[in-house]
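**Q** The following comprises the amino acid sequence and a computationally predicted model.
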Amino acid sequence: MIKAIDIHKSFGTLEVLKGVSLSVKPSEVVSIVGPSGAGKTTLLQILGTLSKMDSGSLLINGEQVSSLSDNALSDFRNRRIGFVFQFHHLLPEFTALENVMMPALIAGRPKAEAETHATELLKMMNLAERLTHKPSALSGGEQQRVAIARAIINRPALLLADEPSGNLDSRNREEIHSLFFRLRDELGQTTIIVTHDDSLASMADRKISMRDGIIL
């Protein structure tokens, strides 16, 4: 699903990634751990095509994304990559259902189809009773589940999560952790998670440790 080869990235004179190579299989859940400054988030941003590498090669779902134009890359990102961050970034003026539908509508899917699929995903997240609630009326855990549903509405090849449970209490944290593995088991979702949470990292199919811009 992913093949990254010899990725380098610097910010000015600071070399953040020093030749990182990584392969991830379809339906695999991989965690990336390491101290602050190890390069985890920078790697995740490059894998998600949000940031450009200085050199190296990146193949996602059979497509050489490192050679795509900006417009083609934007389209690829919307269709094939889902993102979950520590803070949910839901649009406050829209309901849970409308927030989840948004990427599907941007991708040009018919409104009725987007609404049906979004409803199914929110039911899968145990949010069937919260479809018409706006983010301010949802708990932190519920908001993050809405964000995860939004991230997978376009059936992405790859789901990337950056500290997805870092802002939650222990009960909601456990629910979010379990959800990633339900997505793998029920939808075959390939997922990479950057986390400082040892319990989540250890649940993954594979745990990768980084330090000083390299994979240990």
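**A** Ah, there it is. All figures in this text were calculated on a predicted structure; none of them were measured in a lab.
**Q** mind checking how far Met102 is from Thr42?
**A** 27 Å (Cβ to Cβ, to the nearest Å). All C-beta atoms are positioned from the backbone trio N, CA, C, and that covers glycine.
**Q** more neighbours, these two?
**A** Thr42 (22 against 16; other Cβ atoms under 10 Å).
**Q** residue contacts, that one?
**A** Residues counted as contacts of Thr42 (Cβ atoms under 8 Å, 6 or more residues apart in numbering) are 9, 16-17, 51.
**Q** Now do the helix or strand hosting it: distance to the chain's middle.
**A** Assessed by DSSP states H and E, Thr42 sits inside helix 40-47. Helix 40-47 sits 11 Å away from the centroid of its parent chain (Cα atoms, centre = their mean, to the nearest Å).
**Q** what does the top helix by length along the chain contact?
**A** Longest helix of the chain, by residue count under DSSP state H: helix 170-187. Contact partners of helix 170-187, identified using Cβ under 8 Å, 6+ apart, comprise 27-29, 124-125, 139-141, 144-145, 148, 152, 155, 159, 161, 164-165, 168, 189-191, 193, 197, 199-200, 203.
**Q** List the buried residues for it?
**A** For helix 170-187, burial by neighbour count (16 or more other Cβ atoms under 10 Å) applies to 172-173, 175-177, 179-180, 183-184.
**Q** Select, from the residues you listed, the two members most distant in space.
**A** Asn172 and Arg184 (19.7 Å; Cβ to Cβ).
**Q** Look up how far Asp169 lies from the residue nearest the centre of the chain.
**A** Central residue of the chain (Cα atoms, centre = their mean): Leu160, 2.2 Å from the mean position. As judged by Cβ to Cβ, Leu160 and Asp169 stand 24 Å apart.
**Q** now swap in Thr190 and tell me
**A** 28 Å.
**Q** Please say which of these two ends up with more neighbours.
**A** Thr190 (23 against 11).
**Q** Pull the contacting residues for the closest residue to the more buried one other than its chain neighbours.
**A** Leaving aside its chain neighbours, Thr190 sits nearest to Met1 (4.7 Å; criterion: Cβ to Cβ, 6 or more residues apart in numbering). Contact analysis of Met1 by Cβ under 8 Å, 6+ apart lists 24-26, 28, 60-61, 157-158, 190.
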